[in-house]
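Colleague: below is the sequence, then the predicted model.
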Amino acid sequence: MLRFAVITAVGALSAAGAAGALISVAPAPSPAGVAPLRGSQVSDPVEAASLAKAADGHFWAEGLVNGSRVRFLVDTGASSVALTAADAARLGLDPARLVYDTPVHTANGDGLAARVRLASLSVAGARMQDVDAVVVGHGLASSLLGMSYLGRLSRFEATRNTLILQP
């Protein structure tokens, strides 16, 4: 019920701000031997952080993925963290060797993505380990900070000009 309330509260962000980058990932079974992630696996709890709305009307976050900086568009409508092929390559992944077998639905149409797991992703001090993500080979203008990260926070809240992240 709380998740529904949070999603409802940030619906305006999804509908107005991030609709242009919407991505949803079709459910797939967990790989053998990989336990599903549950709860908020945050290390080093910190106070709530806030992100100011940018001039373009979106919320942007500077993240650290496996120790490397990635600029994310915060997208509550995205099922998963989604990386552009360029960002994936900067993180040491070889986009040409990934297996693109996961259907995705983006604002640019349907396509395929490759599932990956990020060892760590930190935004404003809220660090999560073992974050599920996808690499989208084509059609994604910027990497997206989606619900595979946001949903593991204890709380996030969108106001008119600020996005609050609570680890």
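Modeller: Structure received. Residues are numbered from 1 along each chain as shown.
Colleague: against which helices or strands is the strand ranked longest in the chain packed?
Modeller: In the chain, assigned by DSSP state E, the strand with the most residues is strand 109-123. Packing partners of strand 109-123 (3 or more CB pairs under 8 Å, 6 or more residues apart in numbering; DSSP states H and E): strand 60-65, strand 81-84, strand 102-106, strand 126-136. Backbone N, C-alpha and C define where each C-beta goes, glycine included.
Colleague: shaky segments in the protein?
Modeller: Scanning the chain for pLDDT under 70 picks out 1-46.
Colleague: okay if I get the helices and strands packed on strand 109-123 as a markdown table plus mean neighbour count and distance to Leu93?
Modeller: Output for those, formatted as a markdown table (neighbours: other CB atoms under 10 Å; distance: least, CB to CB, whole Å):
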| stretch | mean neighbour count | distance to Leu93 |
| --- | --- | --- |
| strand 60-65 | 18 | 10 |
| strand 81-84 | 26 | 8 |
| strand 102-106 | 18 | 15 |
| strand 126-136 | 22 | 7 |
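Colleague: and of the ones you listed, who's closest to Thr159?
Modeller: strand 60-65 (15.7 Å; CB to CB).
Colleague: note down every partner strand of the closest one and its orientation.
Modeller: strand 68-74 (antiparallel), strand 109-123 (antiparallel) (DSSP bridges).
Colleague: dump the helices and strands packed on strand 109-123 into CSV; add distance to Ser148 as well.
Modeller: Below are these laid out as CSV (distance: least, CB to CB, whole Å):
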stretch, distance to Ser148
strand 60-65, 12
strand 81-84, 5
strand 102-106, 13
strand 126-136, 5
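Colleague: tell me which of those strands sits nearest to Ser142.
Modeller: strand 81-84 (6.5 Å).
Colleague: immediately after that closest one, which helix or strand?
Modeller: helix 85-90 (DSSP states H and E).
Colleague: dump the C-alpha coordinates for that next one into PDB.
Modeller: In PDB, the C-alpha atoms belonging to helix 85-90 read as follows (Å, rounded to 0.1, in the frame of the first residue of the first chain):
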ATOM      1  CA  ALA A  85      25.800   1.700 -24.400                       C
ATOM      2  CA  ALA A  86      28.300   4.600 -24.000                       C
ATOM      3  CA  ASP A  87      28.000   4.700 -20.200                       C
ATOM      4  CA  ALA A  88      28.200   0.900 -20.100                       C
ATOM      5  CA  ALA A  89      31.500   1.000 -22.100                       C
ATOM      6  CA  ARG A  90      32.900   3.700 -19.700                       C
END
